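J.: what follows is a predicted structure for the sequence shown.
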Amino acid sequence: MVLALMTASLAILSLAILGCLYRLIKGPTRPDRVAALDTIGINLLAMIAVICMQLRTQDFIEIVLVIGILTFIGTTALARYIERDAVIDTGGDELDR
């Protein structure tokens, strides 16, 4: 019973990733695409966690942490790019630009 529920949750998460992939490709604005990319990362984390529960192992926990950190950094960098049109500031005042 539990194995069937975990398999069903993997199928639902896969469908959610496909929906987010559609929004990533067809998104009308850049913030929509960033949100879709962030959601894909979160769903991927959930899928790996469900696989860990199915296999009754903790070997993939490091992968979950790395993907979580990369998702956070990527979303932060893309949000900064959308806000300022640059990821890394070159310094100086607002008057210098």
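T.: All right, it came through fine.
J.: for the protein, give me the ranges with low pLDDT.
T.: 87, 90-97 (pLDDT under 70).
J.: where do the helices sit along it?
T.: Ranges of helices in the chain, per DSSP state H, are 2-26, 30-55, 61-84.
J.: can you list the ones you listed in CSV and add mean neighbour count?
T.: Using the backbone N, CA and C atoms, a C-beta is placed for each residue, glycine as well. As requested, those are exported to CSV (neighbours: other CB atoms under 10 Å):
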stretch, mean neighbour count
helix 2-26, 13
helix 30-55, 16
helix 61-84, 13
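J.: the spatially most central residue of the chain - nearest residue in space that isn't next to it in sequence?
T.: In the chain, the C-alpha nearest the mean C-alpha coordinate belongs to Gly41, at 2.1 Å (CA atoms, centre = their mean). Residue nearest to Gly41 in three dimensions, not counting chain neighbours: Thr71, with 3.3 Å by CB to CB, 6 or more residues apart in numbering.
J.: enumerate every residue touching that neighbour.
T.: Applying CB atoms under 8 Å, 6 or more residues apart in numbering to Thr71 gives the contacts 38, 41-42, 45.
J.: and the residues you listed, which two are furthest apart?
T.: Spanning the widest gap among the contacts of Thr71 are Asp38 and Leu45, at 10.9 Å by CB to CB.
J.: got the contacts of Thr71 as a markdown table, with distance to Ile12 columns?
T.: Formatted as a markdown table, the contacts of Thr71 follow (distance: CB to CB, whole Å):
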| residue | distance to Ile12 |
| --- | --- |
| Asp38 | 18 |
| Gly41 | 17 |
| Ile42 | 14 |
| Leu45 | 15 |
